[in-house]
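**Q** here is my input; please provide its structure:
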Amino acid sequence: MNYTQRVHRLCKKIPKGKVSTYGRLAKKLNSGPRAVGQALNKNTDPQVPCHRVVMSDGSIGGFNSGVKNKITKLSAEGILVVDGRVPPSVITEV
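**A** Below is the predicted model of the structure:
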């Protein structure tokens, strides 16, 4: 299994209604947050919930189909996004 596949597999473990951070995923993979972001940016599989990964300060970060789409997906899962950030209460470990 290559690095991108490992990132995608870990991302699938984030429950609906919760998010994790690039840094938390990176720590699990012994890598860096930017590497996680690059791997998620390559995703084309709708089964991989890349929208559930945010920056460590709760800000939305990037999304390969646009930040507005990421916010829409998070909102559909009941996650409130205010001023481009999610509340700390929805950030979880994986």
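
**Q** show me the beta-bridge partners of the residue nearest the centre of the chain.
**A** Using CA atoms, centre = their mean, the residue of the chain that lies closest to the mean C-alpha position is Val53, 1.2 Å off. Under DSSP bridges, the beta-bridge partners of Val53 are Ser20.

**Q** which residues touch it?
**A** Cys11, Ile14, Val19, Ser20, Thr21, Tyr22, Leu25, Val36, Gly37, Leu40, Gly61 (CB atoms under 8 Å, 6 or more residues apart in numbering). (C-beta placed from N, C-alpha, C; glycine too.)

**Q** now the first one. Nearest residue, chain neighbours left out?
**A** Nearest in space to Cys11, with sequence neighbours left out and distances taken as CB to CB, 6 or more residues apart in numbering, is Val48 at 5.4 Å.

**Q** isn't that neighbour up against His8?
**A** Yes - using CB atoms under 8 Å, Val48 is in contact with His8, at 4.6 Å.

**Q** who touches both of these two?
**A** Leu40.

**Q** which single one of the contacts of Val53 is nearest to Val81?
**A** Of all the contacts of Val53, Val19 has the smallest distance to Val81: 10.1 Å, by CB to CB.

**Q** surely that closest one is in contact with Pro49?
**A** No - with contacts counted by CB under 8 Å, Val19 stays clear of Pro49, the gap being 9.3 Å.

**Q** this structure: helices as residue ranges?
**A** 3-11, 22-28, 33-41, 67-76 (DSSP state H).

**Q** can you point out the buried residues in the last one?
**A** Buried positions in helix 67-76, judged by neighbour count with 16 or more other CB atoms under 10 Å: Lys70, Ile71, Lys73, Leu74.

**Q** out of the residues you listed, which two sit at the greatest distance?
**A** Ile71 and Lys73 (7.4 Å).

**Q** re the thing from before, among the helices of the chain, which comes closest to Pro87?
**A** Here helix 67-76 is closest among the helices of the chain (CB to CB), at 11.1 Å.
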